[in-house]
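Novice: what's the 3D shape of this:
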Amino acid sequence: MNDRLPSGILVSALLRRVNDAGGMAMVLAKGHQQAGSILLILNDKGRFDGFVEPGRDLSGNPVLVSAGPGDIDSPAEVTAYWQRRRSRDPDLWVVDLDIPFAQRVAAETILPR
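Specialist: From the prediction side, this is the model:
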C-alpha cells in the first residue's frame, strides 16, 4: 500500500503554509493530481535560491534534492529550465516559493515524517 499523499494535496498544503507565513507561493504548472512529481523554485525576497524536488537519500529517507543548474542569473533562465522539464514530463507540478528559508518550509510541509 502506498502511504504517499497525492501530489495535489501536498501542493495545496504547501501553498497554504507559505501564504499563512507571509510568503508568496504560486503554481506555475499543474501536474497529475495523484502522482505528479513536484519541482520547487526557491526564492527569498525575489532572489533565486535554486530548484529542489522530493527524493530519497542513500538510506532511503525522504529529502529535498537539489535539481537543475544552481548558477542561474536571470528569471528567463529559471523559466527556460522548468519549461524544459515540463515538456518532458507533463505530469510535473512546478511551484514557485518566495519566503525566507523556503527549503525548510517546503521540507516540513511536503516530506513524510
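
Novice: And the strands in this protein?
Specialist: Shown for the chain, the strands assigned by DSSP state E span residues 24-29, 38-44, 47-56, 62-67, 93-98.

Novice: what's near enough to touch the most centrally placed residue in the chain?
Specialist: Residue closest to the mean C-alpha point of the chain, counted by C-alpha atoms, centre = their mean, is residue 40 at 2.0 Å. Contact analysis of residue 40 by C-beta atoms under 8 Å, 6 or more residues apart in numbering lists 51-53, 64, 95-97, 102-103, 106. Bear in mind the C-beta positions are built from the backbone N, C-alpha and C, glycine included.

Novice: Show me the beta-bridge partners of it.
Specialist: residue 52, residue 95 (DSSP bridges).

Novice: Give me the distance between it and residue 14.
Specialist: The gap separating residue 40 from residue 14 is 8 Å, by C-beta to C-beta, to the nearest Å.

Novice: what is in contact with these two at once?
Specialist: Among the neighbours of residue 40, those also in contact with residue 14 (C-beta under 8 Å, 6+ apart) are 95, 97, 106.

Novice: For residue 78, the count of nearby residues, please.
Specialist: By other C-beta atoms under 10 Å, the residues close to residue 78 number 20.

Novice: How about residue 84?
Specialist: Neighbours of residue 84 under the rule other C-beta under 10 Å: 11.

Novice: and what of the one 4 residues further on?
Specialist: Here the number of neighbours of residue 88 (other C-beta under 10 Å) works out to 7.

Novice: re the thing from before, next one: the residue nearest to the centre of the chain from residue 85, what distance?
Specialist: For residue 40 relative to residue 85 (C-beta to C-beta), the value is 12 Å.

Novice: Same check on residue 6?
Specialist: In terms of C-beta to C-beta, residue 6 sits 20 Å off from residue 85.

Novice: out of the two, which sits in the busier spot?
Specialist: Using other C-beta under 10 Å, the more surrounded residue of residue 6 and residue 85 is residue 85, with 18 against 14.
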